[in-house]
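Q: my questions are about this predicted structure, shown below with the sequence.
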Amino acid sequence: MTADVGTFPRLCKLIPDGMVRELAYTGRRLPAARALTLGLVNDVYPDYAAMMTAVMAIAREIASKAPLAVAGSKMMINFARDHSIADGLDRIALWQSGMHSRSAMAEAFKAQAEKRAGNFPELGKVRKGV
């Protein structure tokens, strides 16, 4: 069976072509240590507890940032993956002009100066079909 659900188009943008072909043609498993060297995972942990400690620390750090900045970063990274640099620059300029939040930026600068986590309002719920 040929991999589907977008595996190949995505994988071809993440790791070297030769590695994609080797994995696809052989059907071999990809051990965690090898996935780390290819950049498919950020880290490998000795056990579940160590992994949960590390990822929850990362999650807390992300959660301390301005939600609009995190959401915008996610959107721009996803857009850039499938578009040219020029298109990405145009998209981020449009995002910045429409989604810029002076109050969130002021709070981010103040929190950084005071060496504390920012206090940001939650983003509103995404409405489908709008």
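A: The structure has been received and is ready for your questions.
Q: now do the residue nearest in space to the middle of the chain against residue 20, distance only.
A: By CA atoms, centre = their mean, the mean C-alpha position of the chain lies nearest to residue 74, the distance being 5.4 Å. Here residue 74 is placed at a distance of 25 Å from residue 20 (CB to CB, to the nearest Å). The way it works is simple: take the backbone N, C-alpha and C, and place the C-beta from them, glycine included.
Q: how is the protein divided into domains?
A: 7-56, 66-113 (automatic domain parsing).
Q: JSON lines for the ones you listed, including distance to residue 121 and mean pLDDT?
A: JSON lines is the format used below for these (distance: least, CB to CB, whole Å; pLDDT from 0 to 100):
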{"stretch": "domain 7-56", "distance to residue 121": "23", "mean pLDDT": "92"}
{"stretch": "domain 66-113", "distance to residue 121": "8", "mean pLDDT": "87"}
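Q: where along this structure do the strands fall?
A: Taking DSSP state E, the chain contains no strands at all.
Q: tell me where it has helices.
A: Remark: helices assigned in the chain by DSSP state H are 7-11, 17-26, 32-38, 48-63, 67-81, 85-99, 102-113.
Q: for the shortest one, which positions count as buried?
A: Spelled out, it's helix 7-11. Within helix 7-11, the residues scored as buried using 16 or more other CB atoms under 10 Å are residue 11.
Q: 30 is where my numbering starts, stick with that
A: Noted, 30 is the first residue going forward, which turns the last one into helix 36-40.
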